[in-house]
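Q: Structure, please.
(chains A and B)
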Amino acid sequence: MAGDRDWWFDEAAGPLIRPYAMTRGRTRPGAPNLNLVTQIRASRNRSDLSQLTPEHQEIVDLCHRPLSVAEIAAYLNVPLVVAKILISDLLELGDVVAGAPFQTSDIVDTKFLQAVLDGIRRI
Amino acid sequence: MSDTGVIPTAVKIVIAGGFGVGKTTMVNSVSEIPPLRTEEVLTEAGVGVDDMAGIEGKETTTVALDFGRITISPRVVLYLFGTPGQNRFWFMWDELAVGALGAVVLVDTRRLDSSFPSIDFFENRDIPFVVAVNRFEGGFPHTDEQVRQALDLDSNVPIVSCDVRDRESSKDVLIALVQYTMDQLAGV
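A: Modelled structure (predicted):
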């Protein structure tokens, strides 16, 4: 957890582990369709989690309920691109599943917009 | 491997406007979670960087995005994203615009010109937007018509007055936006 890591550095120093070390130097996600709000959920059937890095495991733990790529990046405190790369790994392993890519038809549907309107009124 | 649990449809509303106009405050007012911050790191080269070779020597820039969440139902989640403060991060705006059902352009009447880039951006992409005038103390008294003229807005673009610190007031802005999006769809 973040608390365990904190003693390594103060804010001025920045994280000692450069973000791309977590991705083994990769700067591009394997799954190109991930965007800020793509929903990610842990799979019911998972591979052997002990084979995964702590960051990968943390993502699987977080995603017991669906979360967006942006939320995962924020909770892990890593840049978006790093989160996307780690999520791509998990997608490839089948440890998480991603929601369908965005369709314009979703937001040009009156029923859908009415549901959003009702939802906002309820908060 | 098939998995049958519900994965919600996610949509965005973009909260745009000049620096210091209250975007994050508005996200904070309506979000069900404390606003989150995520960062995108980019190299000066930006495009065509496929591996780490040579990246160490390049200038890197971090763009921060603040966002919040409203769970509409088990099937629908709405995210509210504030745009990055500096307009030079346009590439980030493009990612924000994908899947946005609409946008709120927050306006401070003391600095109307700082909202021009946002308005141009949404107009050019045909993204429905409302203009929300944040009532700052010391803001110039004005009528909606004066704001409309100063910002050169189409006659159908809604202008709402709001206090972004207030949840109900911020909700009203979002409601006006979704209503307007629906009207556009219905061809009203």
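Q: Next, the residue in chain A positioned nearest to chain B: secondary structure please.
A: Residue of chain A nearest chain B, by CB to the nearest CB: residue A:119 (3.2 Å). C-betas here are computed from N, CA, C, even on glycine. Of the three states, residue A:119 takes helix under DSSP: H, G, I helix; E, B strand; the rest coil.
Q: What is the burial count for it?
A: 18 (other CB atoms under 10 Å in any protein chain shown).
Q: And it, what's its pLDDT?
A: Here the pLDDT value assigned to residue A:119 is 95.
Q: so what does the helix ranked longest in chain B touch, helix or strand wise?
A: Counting by DSSP state H, the longest helix found in chain B is helix B:167-186. Counting by 3 or more CB pairs under 8 Å, 6 or more residues apart in numbering or on different chains; DSSP states H and E, the packing neighbours recorded for helix B:167-186 are helix A:110-122, helix B:23-30, strand B:100-107, strand B:129-134, strand B:159-162.
Q: And for it, what's in contact with it?
A: Helix B:167-186 is contacted from outside by A:107-108, A:110, A:113-114, A:116-117, A:120-121, A:123, B:13, B:26, B:29-30, B:101-104, B:128-130, B:132, B:157-158, B:160, B:162-164, using CB atoms under 8 Å, 6 or more residues apart in numbering or on different chains.
Q: hmm, try it at 7 Å
A: Under the contact criterion CB atoms under 7 Å, 6 or more residues apart in numbering or on different chains, helix B:167-186 has outside partners A:108, A:110, A:113, A:116-117, A:120-121, A:123, B:13, B:26, B:29-30, B:101-102, B:104, B:128, B:130, B:132, B:158, B:160, B:162-164.
Q: which of those count as buried?
A: A:113, A:116-117, A:120, A:123, B:13, B:26, B:29-30, B:101-102, B:104, B:128, B:130, B:132, B:158, B:160, B:162-164 (16 or more other CB atoms under 10 Å in any protein chain shown).
Q: In chain A, mark out all the helices, start to finish.
A: Using DSSP H, helices in chain A cover A:2-5, A:54-62, A:69-76, A:80-93, A:104-107, A:110-122.
Q: CSV for these, including distance to residue B:124?
A: Listed next are the helices of chain A as CSV, based on distance: least, CB to CB, whole Å:
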stretch, distance to residue B:124
helix A:2-5, 40
helix A:54-62, 36
helix A:69-76, 24
helix A:80-93, 25
helix A:104-107, 17
helix A:110-122, 22
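Q: Of all those helices, which one is nearest residue B:122?
A: helix A:104-107 (14.3 Å; CB to CB).
Q: and the closest residue to chain A within chain B, which of the three is it?
A: Using CB to the nearest CB, the closest approach of chain B to chain A is made by residue B:72 at 3.2 Å. Under three-state DSSP, residue B:72 falls in the strand class.
Q: which bits of chain A sit near chain B?
A: Within reach of chain B by CB under 7 Å from any CB of the partner chain, chain A has these residues: A:19-20, A:25, A:27-28, A:35-37, A:39, A:41, A:43-45, A:66, A:68, A:70-71, A:73-74, A:79-81, A:94, A:97, A:99, A:102, A:106-108, A:110, A:113, A:115-117, A:119-121, A:123.
Q: Drop anything exposed from those.
A: Members of these classed as buried by 16+ other CB under 10 Å are A:19-20, A:27, A:35-37, A:39, A:41, A:43, A:66, A:68, A:70-71, A:73-74, A:79-81, A:97, A:99, A:102, A:106-107, A:113, A:115-117, A:119-120, A:123.
Q: which intervals of chain B have sub-threshold pLDDT?
A: Within chain B, the segments meeting pLDDT under 70 span B:1-4, B:42-60, B:85-88, B:137-140, B:188.
Q: One more pass at 90, please.
A: Residue ranges of chain B with pLDDT under 90: B:1-6, B:18-20, B:39-64, B:83-99, B:109-114, B:117, B:135-144, B:185-188.
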